[in-house]
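Colleague: Below is the structure, and that's it, no one-letter string:
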C-alpha cells in the first residue's frame, strides 16, 4: 500500500479513537448538553470524511472496503456545509452504531 494511502487511513483511525475517548462514559443527554463535546466530535467526523474522500478519490478500490464510505463523506459535507441541520441524535446514533465498525475496518486495512 502506498504511503499516502496509509496516511489517510491513520488519520481516520486517529479520529475514530479520539471520538471513542471523547464519548467514553457519556450518553446522549451528556452529548446534547455539552457544546464542547459536540464540537470535538463533529471536528473528528470532518477529519474522517475528508480523509476518506481523498483516499477514495486517489484509490477508488477502498470505497468497497469501507462500509458506508459514501455516507461517511456525506456526513462530513453536512457538518461543514449544512451545519445548522446536524442533529445530535443522528450523530450519537452514528457513534453508537457505526463508529466501531469503521474503526475495525480501518485497523484491518492498516495491517
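Modeller: Cool, got the structure. Everything numeric here is computed off the predicted structure, so don't read it as measured data. Numbering: from 1, shown residues only.

Colleague: mind checking how far the longest helix anywhere in the chain is from the chain centre?
Modeller: In the chain, assigned by DSSP state H, the helix with the most residues is helix 35-58. Helix 35-58 sits 5 Å away from the centroid of its parent chain (C-alpha atoms, centre = their mean, to the nearest Å).

Colleague: List the contacts of whichever helix or strand comes after that helix.
Modeller: Next along the chain after helix 35-58, taking DSSP states H and E as the criterion, comes helix 69-81. With contact meaning C-beta atoms under 8 Å, 6 or more residues apart in numbering, helix 69-81 is reached by 42, 45-46, 48-50, 52-53, 56, 62-63, 66, 85-86, 94, 102. C-betas here are computed from N, CA, C, even on glycine.

Colleague: same deal with stretch 23-35?
Modeller: 37, 38, 41, 88, 89, 91, 92, 95.

Colleague: who's in contact with residue 17?
Modeller: Here residue 17 is in contact with residue 103 (criterion: C-beta under 8 Å, 6+ apart).

Colleague: Tell me how many other residues crowd residue 41.
Modeller: Counted with other C-beta atoms under 10 Å, the burial measure for residue 41 works out to 25 neighbours.

Colleague: Look up how far residue 22 lies from it.
Modeller: 6 Å (C-beta to C-beta, to the nearest Å).

Colleague: Same check on residue 97?
Modeller: Going from residue 97 to residue 22 by C-beta to C-beta gives 17 Å.

Colleague: between the two, who's got more neighbours?
Modeller: Legend: neighbour count by other C-beta under 10 Å for residue 97 and residue 22, higher for residue 22 (18 against 9).

Colleague: Just give the closest residue to the more buried one, not the sequence neighbours.
Modeller: residue 40 (5.3 Å; C-beta to C-beta, 6 or more residues apart in numbering).

Colleague: Buried residues, the helix or strand in which residue 109 is found. List them.
Modeller: Using DSSP H and E, residue 109 sits in helix 99-110. Using 16 or more other C-beta atoms under 10 Å as the test for burial, helix 99-110 gives 99, 102, 103, 105, 106, 109.

Colleague: How about stretch 60-71?
Modeller: Buried residues in stretch 60-71 (16+ other C-beta under 10 Å): 62, 66, 69.
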